[in-house]
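# pasting the sequence and the predicted coordinates here, then a few questions.
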Amino acid sequence: MDLIADLQARGLIQVSTDLDALSARLAEGPITLYYGCDPTADSLHVGNLIGLVMLRRFQDAGHTALALAGGATGMVGDPSGRSDERNLLDDETLGRNVAAIKRQISRVVDLEGAGELVDNRDWTEPITLLEFLRDVGKFATINQMMARESVRARLESEHGITYTEFSYMLLQANDYLWLHDHRSCVLQVGGSDQWGNIVSGVDLIRRARGTTAHALSWPLLLAPDGTKLGKTTGARTWLDPDRTSPYQFHQHFVNLSDAEVAQQLPMFSLRPLEEVRGLLEDHDVAPERRRAQRELADEITAIVHGVDAADAARAAGEVLFGGDPTVAPESAFVALRGEVPTSTFASPDALDEPIDLLVTIGLATSKSEARRLVDQRGVRVNGTQIGPDQAIRDLGLLHGRYALLRKGKQSYHLVEISSEAG
RNA sequence: GGGUCGGUACCCAAGCGGCCAAAGGGAGCAGACUGUAAAUCUGCCGGCAUUGUCCUACGGAGGUUCGAAUCCUCCCCGGCCCA
């Protein structure tokens, strides 16, 4: 199976230029392709991850991957999928964002060997307005530009569209042209919301250079109910561990619905297609085990945050959802610290009065409530239900310092005994 | 300004002298069930040092009464009607 067929089978190709022509080109030898994202924040999110993984797939197949950080286009703002004008970012912010994003890209894409991070600011900034109008503007008709979905939507909206954002697609088209000229890039990939901008580049290259450039895009991710997920809907899961901890990142995938994981596992996973299919078949037999979700979460978290972080995130998830806390590794508790409310006490004496403790750490708002909870068997410590007169200390501390309190199913509180506490 | 109806716990809403920490519903919390889902069923649902003929609480402040969410007075707020 060639690369294109593999991508198709994974559901990664929604629209494309002539696929046969692209396949033929790939068969001739390694090519250079690019995927771009704008540094509008100091972190990428899971949506961008598909693009990075895509670059990786081509790299693994022997091709050269260019990851483009849109220092220039990020300044202008992409009107696609937005109902209102974007705030322009200043130089300093953009520079910081590009640096932060580069680290994230390098976790997925090899930027040292057959790969490179490029910033369109490098070639966009020097261009004079007259040059741009002559070399790019001459090849684009307003008629075509107005027909683009992203532009039309904005023309119809009450906010309108500024000339600046209207120019966005030409800037992106120019990126492709420049990379075509200077890096022999012949393929651009992106999400289907980028399709309009992408084909603008393909058109420009054909008109300006008379050569064929290729493009393909993947479908937008499905929402939990199986419908299309809008660009702005749904909480974003970031690649930056300070924005989305490895635990939360891991959980994002564990919590995918069956419909979502069926779509996303093939799209994200670097495993061979056969293995992916087998996994999904196993999953269908016993969906309640969430095998597909867990495998995907483990794999992707390991790529983005490293194997150790992925292991800790998985262990932490097991502790919180059904697993036995007493056999969890210490790394699970370290990961948990900060994910669930955590209190630190200097002495294990704090554990002697369970009712008082529940109130102190805020798991119950009054002693009455705390007693009620305990009477109703609603409180567990390290997985064991406790009774009214039971000292938590008797249950022992895990790893010499942790006690995991659980109220009901969802509410947790980690108590840590540390001599360093004041 | 006059008249009238009303203001009850997180929300809606019963109660109209003691059996009222106060019906019912919703929300919330817990238990069972469950796939880290939904539905369903069950329990709880003001506070506490002494769980009590305890404290706090029925718009606010006083009063009547052995006893008031319930009766009286004044005040504040809202709906409706009249001017």
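Structure's in. What do you need?

# and the next helix or strand past the helix or strand where A:K102 lies?
Using DSSP states H and E, A:K102 sits in helix A:91-108. Going down the chain from helix A:91-108, the next helix or strand is strand A:115-119, by DSSP H and E.

# which neighbouring elements make contact with that following strand?
strand A:64-69, helix A:91-108, helix A:168-183 (3 or more CB pairs under 8 Å, 6 or more residues apart in numbering; DSSP states H and E). Yep, even glycine has a C-beta here, placed from its N, CA and C like the rest.

# the strands in chain A, which residues?
All strands of chain A, identified by DSSP state E, fall at A:15-16, A:32-37, A:64-69, A:115-119, A:185-191, A:214-218, A:342-345, A:379-381, A:384-385, A:402-407, A:411-417.

# and the helix holding A:K102, what's buried?
Across helix A:91-108, burial judged by 16 or more other CB atoms under 10 Å covers A:93-94, A:97-98, A:100-101, A:104-105, A:108.

# can I get those residues in CSV including pLDDT?
Listed next are the buried residues of helix A:91-108 as CSV, based on pLDDT from 0 to 100:
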residue, pLDDT
A:T93, 88
A:L94, 89
A:N97, 93
A:V98, 93
A:A100, 94
A:I101, 95
A:Q104, 96
A:I105, 96
A:V108, 96
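
# now the residues you listed in TSV, with distance to RNA strand B?
Converted to TSV, the buried residues of helix A:91-108 look like this (distance: CB to the nearest atom of the strand, whole Å):
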residue	distance to RNA strand B
A:T93	35
A:L94	36
A:N97	31
A:V98	34
A:A100	28
A:I101	28
A:Q104	24
A:I105	27
A:V108	23
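
# thinking again about what came up before, would you single out the least confident of the strands of chain A?
When the strands of chain A are compared on mean pLDDT, strand A:384-385 scores lowest, with a mean of 88.

# list the contacts of that strand.
A:377, A:379, A:395 (CB atoms under 8 Å, 6 or more residues apart in numbering).

# how near is the residue lying closest to the first one once chain neighbours are set aside to RNA strand B?
By that I understand A:R377. Excluding the flanking residues, the one nearest A:R377 by CB to CB, 6 or more residues apart in numbering is A:Q385, at 5.1 Å. In this view, A:Q385 and RNA strand B are 8 Å apart by CB to the nearest atom of the strand, to the nearest Å.

# on that earlier part again, distance between the helix holding A:K102 and the chain's centre?
15 Å (CA atoms, centre = their mean, to the nearest Å).

# the residue in the stretch 301-422 of chain A that RNA strand B sits nearest to: neighbouring residues, count only.
Residue nearest to RNA strand B within the stretch 301-422 of chain A: A:G408 (2.1 Å; CB to the nearest atom of the strand). By the criterion of other CB atoms under 10 Å, A:G408 has 12 neighbours.

# that one reaches A:R377, doesn't it?
No - between A:G408 and A:R377 there is no contact under CB atoms under 8 Å: 10.3 Å.

# quick one: low-confidence parts of the stretch 301-422 of chain A?
A:421-422 (pLDDT under 70).

# where along it do the helices fall?
A:307-320, A:330-336, A:354-360, A:367-375 (DSSP state H, counting those that start in this stretch).

# in CSV: the ones you listed, plus distance to A:V136 and mean neighbour count.
What follows is the helices of the stretch 301-422 of chain A, written out as CSV (distance: least, CB to CB, whole Å; neighbours: other CB atoms under 10 Å):
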stretch, distance to A:V136, mean neighbour count
helix A:307-320, 44, 21
helix A:330-336, 49, 20
helix A:354-360, 66, 20
helix A:367-375, 67, 16
